[in-house]
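Chemist: The sequence and its predicted three-dimensional model are supplied below.
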There are 2 protein chains.
Amino acid sequence: MSFPYLDMNDLDFMLADWLDWRGLAQFPAFAEHDEGTFREVIALAEALAQDQFAPHNRESDQNEPRFENGRVVLLPAIEQALDSYREAGLMAADFVTEQGGAGLPTLVSSAVAACLSAANIATCGYVLLTRANARLIVAHGTPAQIETWAKPQLHGRHYGTMCLSEPQAGSSLGDIRTRATPDGEDDLGARYRLRGNKMWISGGEHEMGDNIVHLVLAKIAQDDGSLPAGTKGISLFAVPRILPDGRRNDVTLAGLNHKLGYRGTVNTLLNFGEGDGALGWRIGGAGQGLAIMFQMMNEARVGVGLGAAALACRGYRQSLAYARERPQGRPLGVKDPTTAPVPLIAHPDVRRMLIVQKALAEGALGLVLRCARLIDEEQAAPDEAARQSAGRLLGLLTPVVKTFPSEMGLRANDLAIQIHGGYGYTRDYDVEQIWRDNRLNPIHEGTTGIQGLDLLGRKIIGDGGASLQQLVGEIRQTLTRARAQDRLIAPADSLQAALEAVLSCVERLQAFGDPRLALQHATPFLMAFGHLVVGWVWLDKALAALAAQGRDPDYIEGKVLACQYFMEWELPRIHPDLARVAAGDDLLARIPEGGF
Amino acid sequence: MSFPYLDMNDLDFMLADWLDWRGLAQFPAFAEHDEGTFREVIALAEALAQDQFAPHNRESDQNEPRFENGRVVLLPAIEQALDSYREAGLMAADFVTEQGGAGLPTLVSSAVAACLSAANIATCGYVLLTRANARLIVAHGTPAQIETWAKPQLHGRHYGTMCLSEPQAGSSLGDIRTRATPDGEDDLGARYRLRGNKMWISGGEHEMGDNIVHLVLAKIAQDDGSLPAGTKGISLFAVPRILPDGRRNDVTLAGLNHKLGYRGTVNTLLNFGEGDGALGWRIGGAGQGLAIMFQMMNEARVGVGLGAAALACRGYRQSLAYARERPQGRPLGVKDPTTAPVPLIAHPDVRRMLIVQKALAEGALGLVLRCARLIDEEQAAPDEAARQSAGRLLGLLTPVVKTFPSEMGLRANDLAIQIHGGYGYTRDYDVEQIWRDNRLNPIHEGTTGIQGLDLLGRKIIGDGGASLQQLVGEIRQTLTRARAQDRLIAPADSLQAALEAVLSCVERLQAFGDPRLALQHATPFLMAFGHLVVGWVWLDKALAALAAQGRDPDYIEGKVLACQYFMEWELPRIHPDLARVAAGDDLLARIPEGGF
């Protein structure tokens, strides 16, 4: 039976025909690989997803982590799946060989993650955190730190967490109060004692593996004992659950969060330093914590978008299968009740709900994979100019790749429920769970509102338009190529109109002078911008589909029609919003306190 | 403490200043009431909502109904709340005095239902079903049937259900297979034995009260033993759980459905006639079942919209309270990290999420209450022409009042979660539950897709435009009045543009000739039409707000700004969709089987 949660044929098309992974294999960094090894890795991921990740997806939702006799108890199947994943060598797949990795492109490891996330997003939570943690230590730690904490995450049985938020400081990290007091120095570097409370710590406490490496943001106390204000005083510390000498560190579980979804990923409130202070070793320079963390944030945000896109794809595949199987009603205009009922997919409104899902889910996954390739280009393109231009484009697209899949994936999942009718509202089908799971994605790793400010404030207005110009150049190239194909002229016109509308909006916003006026509608701008970007992704994919060799003609036709649907129905909705954003309407500020 | 789930001041404004309940009290049918008694009833509902319904809302979600020792066990607080509700006389509040009712207008009983639904939608499920069941028997039953089954639901301790769907027949009722075989006649009318399986039966089995009266759709077997095909052969039967002689009827619980939300409302699969056949008495004529059921459907659909609007309002009120309390971050442009954090409500994007909720939730509740008044006008206006015109408008608006609150209420609830950030994703706050609860509303009592076909196929194209013309007349009157107010000229222009776009779209659709071509985009049309209607509701409410005496000026300002926001941001989004609907684009039909 083929993998039911992701269209593996479509994934192959995107990687091979659209994103040219053969070209990627020409980069010296990836020279030991070719299309054959890429495909083998993905086949391995598909098998793992099917055999190890998918089977406990529902069980893990229904039996959420619990605190029992002083321990956090997880479903045993979670650890078993994670062990299989590590044993298959996937944890370090895209790390360089010096770190014991397989040196695979991020594009390939992202395709792996898409398979696994579609099968079981909550179990993937541990993978995402552990890999991000190890990557950060590899990039910024000393050789001893890498040896002690990063490699055991990649090859051994250590797990990683990220400890940023505190109960009073979520989006506002400058307000954290966790305090680090110098405590000498040893082989592992500058040592500190940490005291503070960290909230929303996924994977924060459990009995899996040998150790948990917490990466903790904290402020080093100043000479007068006070903490520096704002984000500049923040440093990063590795705080292992088990100390190098085998004792438990002073890190206490203060509570488990009971969530709407993603339940298999245990989420905790941790107290650091209830006793003598939790021992932590600084990673990178003092005061560099947030800068280091933000280098990793791009990857984490692509990771969030990837999970959201994978869930959108899963809902699409499952509601498509249901629509093909379930007989209900008769075609419009057929009055004879003795005729046999037709499958749901025969009804126009069900077809609409399917093509919307296809346009959003495959568009979102395309965007994510495009960004994964940009990570490879930024890190490994032989040409310096290519690396820089990939980095610029990736920076601009990061808030989009985080947000579009999260927000639109949720809309897709809503339609997956709707196609199932009453059955979709029961826990006997998967679609209600993936909708709940996906609801986390617009929140964690920076809310949609934060992404909007990042895009418009930092990446567009703040950058003087350089990144935007590069995107515009790419879009115009795609438009030119599309106009040479009869079937893509109308979609290209729609994309062109969207591009002009975004550019004219940006011009107006820049002219305001006052960034507060420009930024008040940053979220609607982000959503409109995201549609432009995904429109570009679709047009580019449709071009690749028309040029592809040896693919099923109906499959190609579906690609072109999904592109057309996105351009005709989804994309034009941005125009009224952009007009309002550009008008600089200050209605939000004028609502009196008693007016809500 | 004021009621935290619904703005009671706003409710009072809508009833008194906008919908003129004093005028309603002039109808002879309501002559024994006045504004004072209306307000007393609503104060009683508020107290009941606060004291009896709200306290077990979360508990009832976390302890869903379970099957134990042969019985369905519900949380005892549910029965206690329902008893208080009955004892307060609210079950029969809007029934005529001959049935022991208080003869209150539907407008007032709808305001009561809004309070209770905002407090606990799942416990209200039993109320909605029991009242609808009793109303149907009162309208179509014999005096003996009314005495035996309706009055005990209104005044005693009987509960009611509606048994329509079967496992193989959800939206497609013509395909039901439950069979009724004649079994003589007695004091209660024509008696039958029923055999079949009914799915999605809310309140289908429990130990509350003295009896459950199932109203069951079934087909009377023809002489050759076969069942008539299609909907025309369907009849309606009262099938009590406990027979008049005290024995259990042959109705068996086949299973409980485990749902995403609305968990306190037990939902069942029932087998009728596993033994000798379940005894049922026909209500109304043979073959009249669906027609009778559909008379009740208008009320049920207004009821669904009401519940959805109440949940939207609850999410708005709770996220507003949270946004006022929770400090986080600093205003845009404030760089000094030593300044104190501001409450969430100071951030433009949070204000946006609040005003969107206000525009959607209060717009939806306004629409529902407007329709409740139409029910009163249809049933009790002294003037025959007024009754007919109210009936026409109500018929047209029924699919809208079912759908707009359901779909847009969900969007509002999504924003209520987002304002709460990570906390909104936990079960420690209410917003995740109301989002789950609300997800049922686009499904039950006719899915959104079914409502679209009803609106466009039956109520607009099928009716030759008579109902639409009446709505257009009402909207034009409101437009004329609005243009006399400086502040409402721009919103009126936006509404006018929406009206012209809808009318020109309808004209195009009518010109297609082939209804299949017109109906393929019935759902996007319904959503656009719903926005037009709610735009009208908002403009009309803003007019009433500007004319209101003795209300807080900030409150009035908030009304006008919410109207403006809806007209500037929400309403213009319909134009691109209407353009596509009018284009008669047949893309959906052209997607090949292998193209999905």
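Modeler: In hand now; what should we look at?
Chemist: Could you use CA atoms for every contact and neighbour count after this?
Modeler: Will do.
Chemist: May I have the beta-bridge partners of the residue of the stretch 351-500 of chain A found nearest chain B?
Modeler: Residue of the stretch 351-500 of chain A nearest chain B, by C-alpha to the nearest C-alpha: A:T426 (4.2 Å). Assessed by DSSP bridges, A:T426 has beta-bridge partners B:K259.
Chemist: show me the residues around it that make contact.
Modeler: By C-alpha atoms under 8 Å, 6 or more residues apart in numbering or on different chains, the residues touching A:T426 are A:432, B:257-260.
Chemist: quick one: pLDDT of it?
Modeler: A:T426 is assigned a pLDDT of 97 by the prediction.
Chemist: likewise A:L332?
Modeler: Here the pLDDT value assigned to A:L332 is 86.
Chemist: what's the neighbour count on the closest residue in space to A:L374 that isn't next to it in sequence?
Modeler: Nearest non-adjacent residue to A:L374, counting by C-alpha to C-alpha, 6 or more residues apart in numbering or on different chains: A:A390, 5.4 Å away. A:A390 is flanked by 23 other residues according to other C-alpha atoms under 10 Å in any protein chain shown.
Chemist: For A:A390, pull up the helix or strand it's in.
Modeler: helix A:384-419 (DSSP states H and E).
Chemist: Could you list the buried residues of that helix?
Modeler: By neighbour count on 16 or more other C-alpha atoms under 10 Å in any protein chain shown, the buried set for helix A:384-419 is A:386-387, A:389-419.
Chemist: Can you check what angle separates that helix from helix B:384-420?
Modeler: Calculated by axes from the mean of the first three to the mean of the last three C-alpha atoms, to 10 degrees, helix A:384-419 forms an angle of 140 degrees with helix B:384-420.
Chemist: Let me know the average pLDDT across helix A:384-419.
Modeler: What helix A:384-419 shows for mean pLDDT is 97.
Chemist: what about A:D183, which SS state?
Modeler: Here A:D183 is recorded as strand under DSSP: H, G, I helix; E, B strand; the rest coil.
Chemist: Please name the residues that touch it.
Modeler: With the criterion set at C-alpha under 8 Å, 6+ apart, A:D183 makes contact with A:190-193.
Chemist: hang on, the earlier thing: CA-only coordinates of the following helix or strand past the helix holding A:A390 in CSV, if you can.
Modeler: As assigned by DSSP H and E, the chain's next helix or strand after helix A:384-419 is helix A:431-438. C-alpha atoms of helix A:431-438 as CSV (Å, rounded to 0.1, in the frame of the first residue of the first chain):
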residue,chain,number,x,y,z
VAL,A,431,-8.6,14.8,10.6
GLU,A,432,-9.8,16.3,13.9
GLN,A,433,-6.4,15.5,15.5
ILE,A,434,-4.3,17.0,12.7
TRP,A,435,-6.4,20.2,12.9
ARG,A,436,-5.7,20.4,16.6
ASP,A,437,-2.1,19.5,16.1
ASN,A,438,-1.7,22.2,13.4
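Chemist: Give the residue spans of chain A that score low on pLDDT.
Modeler: By pLDDT under 70, the low-scoring segments of chain A are A:1.
Chemist: Looking at it, which strand is longest?
Modeler: Using DSSP state E to assign secondary structure, the strand with the most residues in chain A is strand A:189-202.
Chemist: The stretch 401-550 of chain A against chain B: which residues are in contact?
Modeler: Taking C-alpha under 8 Å from any C-alpha of the partner chain, the part of the stretch 401-550 of chain A that reaches chain B is made up of A:418, A:421-422, A:425-428, A:432, A:439-440, A:442-444, A:447, A:449, A:515-516, A:520-523.
Chemist: make that the stretch 201-350 of chain A, sorry
Modeler: Near chain B, when you scan the stretch 201-350 of chain A using C-alpha under 8 Å from any C-alpha, you find A:229-230, A:257-261, A:320, A:327-329, A:332-333, A:336-338, A:348-349.
Chemist: If you count contacts, what does the first helix or strand past the longest strand of chain A going along the chain end up packed against?
Modeler: Scanning forward in sequence from strand A:189-202 by DSSP H and E, the next helix or strand is strand A:211-220. Strand A:211-220 sits against strand A:158-163, strand A:179-186, strand A:234-240, with contacts defined as 3 or more C-alpha pairs under 8 Å, 6 or more residues apart in numbering or on different chains; DSSP states H and E.
Chemist: Quickly run through the sheet partners of strand A:211-220, with directions.
Modeler: Sheet pairing of strand A:211-220 (DSSP bridges) gives strand A:158-163 (parallel), strand A:179-186 (parallel), strand A:234-240 (antiparallel).
Chemist: Can you pull up the most central residue in chain A?
Modeler: A:V304 (1.8 Å; C-alpha atoms, centre = their mean).
Chemist: That residue contacts A:P399, doesn't it?
Modeler: No. When contacts are counted by C-alpha atoms under 8 Å, A:V304 is not listed as touching A:P399 (10.7 Å).
Chemist: gap between A:P240 and A:A278?
Modeler: A:P240 sits 9 Å away from A:A278, going by C-alpha to C-alpha, to the nearest Å.
Chemist: do A:R263 as well
Modeler: With C-alpha to C-alpha as the criterion, A:R263 and A:A278 are 28 Å apart.
Chemist: So what touches stretch A:330-342?
Modeler: Identification of contacts with stretch A:330-342 by C-alpha under 8 Å, 6+ apart yields A:327-329, A:346-347, B:174-175, B:229-230, B:515-516.
Chemist: Now do the contacts for A:P327.
Modeler: A:341-344, B:168.
Chemist: so what's it closest to, chain neighbours aside?
Modeler: Leaving out its chain neighbours, the residue that sits closest to A:P327 by C-alpha to C-alpha, 6+ apart is A:P343, at 3.9 Å.
Chemist: Could you check which residue of the stretch 251-400 of chain A lies nearest chain B?
Modeler: Per C-alpha to the nearest C-alpha, A:K259 is where the stretch 251-400 of chain A lies closest to chain B, at 4.2 Å.
Chemist: which residues of the stretch 451-596 of chain A fall in helices?
Modeler: Shown for the stretch 451-596 of chain A, the helices assigned by DSSP state H, counting those that start in this stretch span residues A:466-483, A:489-511, A:515-519, A:522-547, A:553-565, A:574-583, A:587-590.
Chemist: and among the ones you listed, the most buried is which?
Modeler: helix A:522-547 (a mean of 24; mean count of other C-alpha atoms under 10 Å in any protein chain shown).
Chemist: On the three-state scheme, A:L227 is what?
Modeler: For A:L227, the secondary structure call by three-state DSSP comes out as coil.
Chemist: I'd say it and A:T181 touch.
Modeler: No. Assessed by C-alpha under 8 Å, A:L227 is found out of contact with A:T181, at 10.4 Å.
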